[in-house]
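1. for reference, the sequence and a predicted model appear below.
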Amino acid sequence: MRTDTSPGTLPAREHLPAGDAGTPVLDVVIPVYNEEKDLQPCVLRLHEHLKRTFPYAFRITIADNASIDTTPQVAARLESDIPEVKSFRLEQKGRGRALRTVWSASDAPILAYMDVDLSTDLNALLPLVAPLISGHSDLAIGSRLARSSRVVRGAKREFISRTYNLILRGSLQARFSDAQCGFKAIRRDVAQALLPLVEDTGWFFDTEMLVLAERAGLRIHEVPVDWVDDPNSTVHIVKTATEDLKGVWRVGKALASGSLPLDRVTRPFGDDPRDRDIQDVPKGLARQLVGFCVVGGLSTLFYLVLYSLFRQFGGSQVANALALLVSAVANTAANRRLTFGVRGRGGAVRHQAQGLVVFAIGLALTSGSLAALNAASSNPAHSTELAVLVAANLAATVLRFLLFRAWVFPDRDDSTEDSTVVALNSPSSPTCSTVTQHPQNPQYPGAYAPLPQLQQPQAHQGAYDTTTQFRAGEAADGTWRDATMQLQPVRPHDTDPRDPR
């Protein structure tokens, strides 16, 4: 058993030992509210699947959220008929409350939950919990937005889901792809430390748990799922979306103020160099907000001046479009340099093109506001037009920042304009080749150029006593920042006479 821990942190992850045959390794919670028709088919199907495919002992727990139909009776009958099924009754509603209560009391090392409609294909259950059993990951989620996922649902729900995850990426810098899929799992030791920090008791519970886990540096595994929408779902989309946005604001405020004790949920630095701490506050968020507000304020003044000027020569719609176009180009250029710290001409055209897409969204908001004003009043005053435009631009500004941060200028480190990878000297390789990226140098169409050879190790040093500087640029998926770390060299071959094997 590894003991390299510090007070207030989680121990290093380990593979779960094969325990006694009667001890459940997995506890699958099914939160229900008035599900008298779907509960029994769901439990029977899940139980048969686990019996047939899951190699460990398991438990299915029905968490009744204060149902007022015959759901409690159905749950009690299933508990009496199937030894692996347990039921738990709560007198208050709330999916988050049910999961927190049952997970906190469970003795199983792996805790999971799924929706009673079984929209997610059960073949993803074993891939979901396997990384937690092996000690590879701390949490696991099913993702309907992964490239290899197969999803059947309406355009409305698809748009809401993708918009919500875009908001999470822009405001809370979330890197997981699907926050609300009802198919998740967590290790019990992680849940014991993480759940006391989660405040929400409803549908935002999942998102808050994942955001806090990610900010604490815990590893979240994602599984592509096959998912079919339940047309009889009782979820109130508008109410749920409103509560989720309130939760995003609350969590973002707590992260920005540093009031969350996320050090209680950190892992020690393990064998994998990618298992690094993630800071409590997204890097540069406070500075970017200030810079964006300053640029936005100046852009708004510039826009109003242009609108007043163009209004003298044309209608309100034409004046608005021209003023917004000119100010949008200036706004994108200013935010590129001042807010997000992008220097040089590389990518400028692409950034402006993406900025014009954001401009089109702002144009739709402001033009729609003017159209509504003209429909309400045949000859509105100029001051009224300006007031309406200011309100519309405030709404467009919030969306513009989210799109700039998550799409146009995704999080990056300015020092990675040129990234260098250096190989280690070894006796079998007396010289080392080095490649350097030159993203803006047309002289190297292949983006690589040789660097001078490294010096051989000194005679008084062992060939394997040296360390190597490894400077990695941003990964292809954009999730890893530039970092420099010391890596110990490995044996170059198995014929080393000092090898004790």
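-> Arrived safely, thanks for sending. Bear in mind the structure is a predicted one, so any value in this text is a computation, not a measurement.
2. got the contact list for the closest residue to L39 other than its chain neighbours?
-> The shortest distance from L39 to any residue other than its chain neighbours is 5.0 Å, reached at V74 (Cβ to Cβ, 6 or more residues apart in numbering). From N, CA and C alone the C-beta is placed, and that goes for glycine too. Residues near V74 by Cβ atoms under 8 Å, 6 or more residues apart in numbering: E36, L39, Q40.
3. cutoff 10 Å now
-> V32, E35, E36, K37, D38, L39, Q40, V43, I62, D64, S67, S87 (Cβ atoms under 10 Å, 6 or more residues apart in numbering).
4. isn't there a strand covering the fourth one?
-> No - inclusion of K37 in a strand is not indicated when DSSP: H, G, I helix; E, B strand; the rest coil is applied; the result is coil.
5. now do it: how many residues are near it, please.
-> Counted with other Cβ atoms under 10 Å, residues neighbouring K37 total 14.
6. likewise for the third one?
-> The local packing count at E36 equals 15, with neighbours defined by other Cβ under 10 Å.
7. correct me if wrong: it contacts I62.
-> No - here E36 does not reach I62: they are 11.9 Å apart, not a contact under Cβ atoms under 10 Å.
8. helix, strand, or coil at the residue nearest to Q352 when sequence neighbours are not counted?
-> Among residues not flanking Q352 along the chain, T332 sits closest, at 5.7 Å (Cβ to Cβ, 6+ apart). Following three-state DSSP, T332 is assigned to helix.
9. kindly report the same for the one 4 residues further on.
-> For R336, the assignment made with three-state DSSP gives helix.
10. roughly how far apart are it and F302?
-> Per Cβ to Cβ, to the nearest Å, R336 is found 16 Å from F302.
11. out of those two, name the residue with the larger neighbour count.
-> Ranked by neighbour count (other Cβ under 10 Å), R336 and F302 place R336 first, with 21 against 16.
12. give me the number of neighbouring residues for the nearest residue to the more buried one once chain neighbours are set aside.
-> Nearest non-adjacent residue to R336, counting by Cβ to Cβ, 6+ apart: V342, 4.8 Å away. Neighbours of V342 under the rule other Cβ under 10 Å: 18.
13. now that V342 has come up, it's in contact with N335, right?
-> Yes - judged on Cβ under 10 Å, V342 makes contact with N335 at a distance of 8.9 Å.
14. shared neighbours of those two, anything?
-> Common neighbours of V342 and N335 (Cβ under 10 Å, 6+ apart) are H351, V408, F409.
15. closest one to N320 out of these, please.
-> Nearest to N320 among those, counting by Cβ to Cβ, is V408 at 22.3 Å.
16. returning to what we had before: compare the contacts of V74 and tell me which is most surrounded.
-> That'd be I62 among the contacts of V74, by other Cβ under 10 Å, with 28 neighbours.
17. need the residues that contact stretch 149-166.
-> 119-121, 124, 142-145, 174, 176-181, 207, 222-231, 233, 235, 237-238, 240-241, 244-245, 248, 399, 402-403, 406-407.
18. how about that stretch: buried residues?
-> S149, V151, I160, S161, Y164, N165, L166 (16 or more other Cβ atoms under 10 Å).
19. for the first one, grab phi and psi.
-> Dihedral angles phi and psi of S149 (degrees, to the nearest 10) take the values phi -70, psi 150.
20. how near is it to K253?
-> 32 Å.
21. residues touching L210, list them.
-> Taking Cβ under 10 Å, 6+ apart as the criterion, L210 is in contact with 139, 141, 168, 172, 174-176, 178-180, 184, 186, 194, 198, 218, 220.
22. confidence score at the residue lying closest to I68 once chain neighbours are set aside?
-> Distances taken as Cβ to Cβ, 6+ apart put N34 closest to I68, at 6.5 Å, once the chain neighbours are dropped. If you check N34, the pLDDT there is 89.
23. A75 is in contact with N34, correct?
-> No - using Cβ under 10 Å, N34 is not in contact with A75; the gap is 12.0 Å.
24. OK, contacts around the nearest residue to A334 once chain neighbours are set aside?
-> Excluding the flanking residues, the one nearest A334 by Cβ to Cβ, 6+ apart is V295, at 4.7 Å. Counting by Cβ under 10 Å, 6+ apart, V295 touches A330, N331, T332, A333, A334, N335, R336, R337, L338, T339.
25. please convert the buried members of those into PyMOL selection syntax.
-> Only the buried entries of the contacts of V295 go into this PyMOL selection, using 16+ other Cβ under 10 Å:
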select buried, resi 330+331+332+334+335+336+339
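26. rebuild the contacts of V295 as a markdown table, extending it with pLDDT.
-> Below are the contacts of V295 laid out as a markdown table (pLDDT from 0 to 100):
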| residue | pLDDT |
| --- | --- |
| A330 | 89 |
| N331 | 85 |
| T332 | 88 |
| A333 | 87 |
| A334 | 86 |
| N335 | 85 |
| R336 | 84 |
| R337 | 81 |
| L338 | 80 |
| T339 | 82 |
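27. what's the closest of the contacts of V295 to E91?
-> Using Cβ to Cβ, the contacts of V295 come closest to E91 at T339, 49.4 Å.
28. what's the closest non-adjacent residue to that closest one?
-> G291 (3.7 Å).
29. could you look up the SS state of that neighbour?
-> helix.
30. gap between it and V248?
-> In this view, G291 and V248 are 21 Å apart by Cβ to Cβ.
31. out of those two, which sits in the busier spot?
-> For G291 versus V248, neighbours defined as other Cβ under 10 Å are more numerous around V248 (21 against 18).
32. can I assume that one is in contact with L172?
-> Yes - the pair V248 / L172 is scored as a contact, 6.4 Å apart, by Cβ under 10 Å.
33. overlap in contacts of the two?
-> With Cβ under 10 Å, 6+ apart, V248 and L172 have common neighbours T207, E208, V211.
34. let's see if you can find the most crowded of those.
-> Neighbour max across these (other Cβ under 10 Å) = V211, 26 neighbours.
35. doesn't that residue belong to a strand?
-> No - counting by three-state DSSP, V211 falls outside a strand, being helix.
36. and it, what pLDDT?
-> 92.
37. thinking again about what came up before, tabulate the shared contacts of V342 and N335 (JSON lines), appending pLDDT.
-> Formatted as JSON lines, the shared contacts of V342 and N335 follow (pLDDT from 0 to 100):
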{"residue": "H351", "pLDDT": "87"}
{"residue": "V408", "pLDDT": "85"}
{"residue": "F409", "pLDDT": "82"}
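38. in terms of secondary structure, what does the longest helix belonging to the chain contact?
-> Using DSSP state H, we find that the single longest helix of the chain is helix 348-376. Contact here means 3 or more Cβ pairs under 10 Å, 6 or more residues apart in numbering; DSSP states H and E; on that basis helix 348-376 packs against helix 285-311, helix 316-334, helix 382-403.
39. which residues sit in contact with the residue nearest to D226 when sequence neighbours are not counted?
-> Nearest residue to D226, sequence neighbours excluded (Cβ to Cβ, 6+ apart): D121, at 4.0 Å. Going by Cβ under 10 Å, 6+ apart, D121 touches G142, R150, F183, V225, D226, W227, V228.
40. and the helix or strand encompassing L168, how far from the chain's centre?
-> Element membership of L168, judged by DSSP states H and E, is helix 155-171. How far helix 155-171 lies from its chain's middle: 12 Å, per Cα atoms, centre = their mean, to the nearest Å.
41. what angle sits between it and helix 285-311?
-> 110 degrees (axes from the mean of the first three to the mean of the last three Cα atoms, to 10 degrees).
42. what mean pLDDT does helix 155-171 get?
-> In this model, helix 155-171 has a mean pLDDT of 82.
43. right, and the helix or strand after it?
-> Trace forward from helix 155-171 with DSSP H and E and the next one is strand 183-187.
44. that'll do, ta.
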